[in-house]
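S.K.: Model the structure of this input:
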Amino acid sequence: MPESFARQAVSAVIFYSLLRIKNNNKTGSYILIQLITRTLKQYLLFDQHHLKTTDNTVWKLSVIRLVLASGIILTLGIVVHSSYAAYTQKLYHVLILTFGFSALLWGSLTLSKEQISLATGLLTGTIILAAFCILFFTIDLVYARYGLLLFFTLPIFLRLFYGTKAAILGMLLNILPFILLLRNQPVAPLFDIDITLPHTHTYLSSLIFLFLNFCLPVAVMRVLASLEKQSLMNRQHSRNMSKLVKRYREIFNNGGTPSFFCDQHGKILQANKSGRKLLHGTPVSCEYLQQLFTLDKPMAPDKSEVTALRHLPDSRFRLQPASLIHHTKQLVHCFDISETATADKKLGQMRRHHFTRHYADALTALKNHHYWAQQYPHSAPPGCTVALLKVANLQDINLQYGFSAGDKFLLAVARQLQASLPSKVGIFRFPGAKFLLTVDNQTCPVENMSKWLTGYLPTTIDTGNPNLPQRTVHWRSGYCNAALFDVPGRLIEACAMGLSQTSAGQPSRQYDRNIVKLLRQDSRNKDRVKQLLDTGSLQLWLQPQVTTEHTIIGFEVLARLYDAEAAVILQPYQFLPQVEKNQWHLLLTQQVLTATIEMIEHWPAAMPVVPLAVNLSGPELLNDIFYEKLLRHYSEKPQLRSRLKLELTETSVLASHEETKKRLTSLANVGVTIIIDDFGTGHASLSQLIDLSASVLKVDREFVERIESSERHRKIVKMTLELAHALGMDAIAEGVETEAQLARLTQMGFTLFQGYLFGKPAPLASWSHLVAEESGA
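M.R.: Coordinates of the predicted model:
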């Protein structure tokens, strides 16, 4: 027996001995029987507690223990009785089988509830193994039939432990034993092993008797006992539920507020006394709630509405659906607010006249920054955290879809924000795409504010406008503990500083005094970049684009800024973030374009006459003045059509803008080459290939640099090349740095390349000098 059962048995014997000292033998014996019975029930999981449980592993383990315990008793008798006979006849394999089965049964009996899968598998395997041994290791046909009988009992255990499908499979497989039974011929012993002993008939008869007359019936009785207990409990629960329903029906029927049970279409299924009074007061029969009240459609779940009785237009009722989580119908409470409706109307007019004009935002109807300043004129709100939120992608929506669509998006954001945040949180609308939140420290401590904002701020907005597919909100937030500042204005400035340090990778930042230093450094960098742009410090560097034979067929123009005071050249990563942050795309692109045209007009005679490619970020194409100048350059100087190419990055937000597509198409129609840069890293690759009138695409260096180590990247690059060829486009592999990469790309079919392998970016003078040296050589 398992260790736990042994401990319980020892405890029972000790307790029995103590009782005999105090009481007579009769009383002690009775108590010992009770202890042993209770211990057996607990171990076999036959006590009331285990009979009532709904865990099916309990009755499975109980069945296993019942069957195994009875099997151990039988095998123990067989081992004791047969071991000597098998030893004297030198049938050592019989000893191995009997002791092996005993060990298997004892080992299975020690398994716990957590090992139920292993226990059921061992029991099923034991039955199958016993049947095989009897069938194939006994010569006598009568004995072999006992093994077939064991096979026929197997579907019952398969159904108990593994379900109906397993039981059906077992029944189908039992066709084979049935065929053996029909043949009525003995099966030759397997491996010439015979386990027949003088008392084998007694052993097998006892096994079948015990198995069919005890094991199977007890297993079924154990399952039926659980079912009966569960059925009894269900009946009791049903009676209790019936009592509760009667009580709640009485409460519902006698409530003073008119209430209606309706289906999802608004059909009235049941009404309480007050509700029936409303129905009887109508001049016509009302079957639906929208026939009784001025509703256009059935009410939405968890959404209250203010309406009026159809026959009394001046009445006012607030219909409040109750939250019924476990009910498919709808319970609607109707609160008569007619007396307060007139007062609320007048109060609302006063608010709109005196309050809304100054203290509420006209778009969202939220309290604005004026209200914040009026509410906290001298001191910051105590015991809270103040967070300044910004909708970072509103400007992109305004540019792409127009300001009207942007206003609708911002209005939907404000409504969703109000619905998402707890009622204790104060919400204020600040200028621009900003909102201010005041969060009580008990609601959320300042150290948990970033996680709290992530959990509550809505990320997906349904504007209800089919023309506005942009439904994702990109939040940025700066927050600060209000206790750090006495003056509300400085508190807002601190939040704004935190907000200024956010990014896509870190959308939420807490105010830190070190931020002031960072802002000063950022301000100095901003002034430095702006001064260099304004003083004409732009330099153009070129990187070649070559063929398989390393023949230069073009250059990409790359911008650099030369700081004469520091005698250093600023790389793109040092000034482009400031250009993007401060919206200087147009200024930089105009300078690059002007300098590139001038470079083409004064192209060195020793240099091969090849086109130059200029990068566009996207927003400048939507500037009418820039676009008109660009068209005029191509019109007045036709040679530029073959010498000046335009590259548009695929990841540009405005690359899919309708006006951008139209203007690029116009440029392509006059002979300008359009190149899609960084192909494969954006979100609209195929649509751009078709709509942007592009004739060249550049495979991004991200795919090229991993082409040697990643089969997935090789397949992507190969498919991109095939797509370009299928559309009649040229493809340039960008970022080629090694000969191995070049060989791999050439093998794929690429003929145009760009990268450090063919030359790093350098000024025109350096390339002219290099070409001259190669010509001289």
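S.K.: Would you mark the buried spots in the longest helix along the chain?
M.R.: Scanning the chain for the helix with the most residues, using DSSP state H, yields helix 216-253. Within helix 216-253, the residues that count as buried by 16 or more other C-beta atoms under 10 Å are 218-219, 222-223, 226, 229, 252. Any C-beta I mention is one placed from the backbone N, CA and C, and that applies to glycine too.
S.K.: do stretch 621-632 as well
M.R.: For stretch 621-632, a neighbour-count test (16+ other C-beta under 10 Å) marks 621-622, 626-627, 630 as buried.
S.K.: Residues in contact with the longest strand along the chain: which ones?
M.R.: In the chain, assigned by DSSP state E, the strand with the most residues is strand 552-563. With C-beta atoms under 8 Å, 6 or more residues apart in numbering as the test, strand 552-563 has contacts from 528-529, 532-533, 537-547, 568-572, 574-575, 588, 592, 596, 608, 610-615, 645, 647, 752, 754, 761, 767.
S.K.: can you pull the pLDDT of F46?
M.R.: Here the pLDDT value assigned to F46 is 67.
S.K.: Tell me where the stretch 551-700 of the chain has strands.
M.R.: In the stretch 551-700 of the chain, the segments counted as strands under DSSP state E, counting those that start in this stretch are 552-563, 568-570, 612-616, 644-649, 674-679, 696-699.
S.K.: Next, the angle strand 644-649 makes with the longest one.
M.R.: Meaning strand 552-563. 70 degrees (axes from the mean of the first three to the mean of the last three C-alpha atoms, to 10 degrees).
S.K.: Tell me the strands beside strand 552-563, with direction?
M.R.: strand 538-547 (antiparallel), strand 568-570 (antiparallel), strand 612-616 (parallel) (DSSP bridges).
S.K.: Could you export it as CSV, CA atoms only?
M.R.: This file holds the C-alpha atoms of strand 552-563, laid out as CSV (Å, rounded to 0.1, in the frame of the first residue of the first chain):
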residue,chain,number,x,y,z
ILE,A,552,29.2,53.7,-62.2
ILE,A,553,25.7,54.4,-63.6
GLY,A,554,24.6,57.0,-61.0
PHE,A,555,25.0,58.5,-57.6
GLU,A,556,22.8,59.0,-54.6
VAL,A,557,23.0,62.5,-53.2
LEU,A,558,23.5,62.5,-49.4
ALA,A,559,23.3,65.6,-47.2
ARG,A,560,26.0,66.7,-44.7
LEU,A,561,26.4,69.9,-42.6
TYR,A,562,29.8,71.4,-42.2
ASP,A,563,30.4,73.2,-38.9
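S.K.: could you point out where the stretch 151-300 of the chain is predicted with low confidence?
M.R.: Applying pLDDT under 70 to the stretch 151-300 of the chain picks out residues 188, 190-192, 194.
S.K.: tilt between the longest strand of the chain and strand 674-679?
M.R.: 70 degrees.
S.K.: Can you give me the buried ones in strand 552-563?
M.R.: Counting neighbours by 16+ other C-beta under 10 Å, strand 552-563 gives 552-561, 563 as buried.
S.K.: Equivalent analysis for stretch 739-748, please.
M.R.: By neighbour count, with 16+ other C-beta under 10 Å as the criterion, the buried positions of stretch 739-748 are 741-742, 744-745, 748.
S.K.: Kindly report the same for stretch 303-314.
M.R.: Under the neighbour-count criterion of 16+ other C-beta under 10 Å, stretch 303-314 has 307-310 buried.
S.K.: can I get those residues in a markdown table with secondary structure, distance to N56 and pLDDT?
M.R.: Shown next, in a markdown table, are those (DSSP: H, G, I helix; E, B strand; the rest coil; distance: C-beta to C-beta, whole Å; pLDDT from 0 to 100):
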| residue | secondary structure | distance to N56 | pLDDT |
| --- | --- | --- | --- |
| T307 | strand | 51 | 91 |
| A308 | strand | 56 | 92 |
| L309 | strand | 55 | 91 |
| R310 | coil | 56 | 89 |
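S.K.: Reformat these into a markdown table and put distance to L181 next to each item.
M.R.: Listed next are the buried residues of stretch 303-314 as a markdown table, based on distance: C-beta to C-beta, whole Å:
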| residue | distance to L181 |
| --- | --- |
| T307 | 78 |
| A308 | 83 |
| L309 | 81 |
| R310 | 80 |
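S.K.: Which single one of the residues you listed is nearest to S508?
M.R.: Within the buried residues of stretch 303-314, the smallest distance to S508 is 41.8 Å, found for T307 (C-beta to C-beta).
S.K.: residue contacts, that closest one?
M.R.: Going by C-beta under 8 Å, 6+ apart, T307 touches 293-295, 316-317, 319.
S.K.: Identify the farthest-apart pair in the residues you listed.
M.R.: L295 and R316 (13.5 Å).
S.K.: now, which of the buried residues of stretch 621-632 sits nearest D440?
M.R.: After measuring the buried residues of stretch 621-632 against D440 - C-beta to C-beta - the closest member comes out as L622, at 44.3 Å.
S.K.: The closest one against T660, yeah?
M.R.: Yes - the pair L622 / T660 is scored as a contact, 6.6 Å apart, by C-beta atoms under 8 Å.
S.K.: can you pull the buried residues of stretch 252-266?
M.R.: Of the residues in stretch 252-266, 252, 258-262, 266 count as buried by neighbour count, 16+ other C-beta under 10 Å.
S.K.: just the strands paired with strand 552-563: most buried one?
M.R.: strand 612-616 (a mean of 22; mean count of other C-beta atoms under 10 Å).
S.K.: Strands - which of the buried residues of stretch 252-266 land there?
M.R.: Counting by DSSP E, the buried residues of stretch 252-266 contribute 259-262 to strands.
S.K.: now these as CSV including distance to A482?
M.R.: Below are those laid out as CSV (distance: C-beta to C-beta, whole Å):
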residue, distance to A482
S259, 44
F260, 47
F261, 48
C262, 47
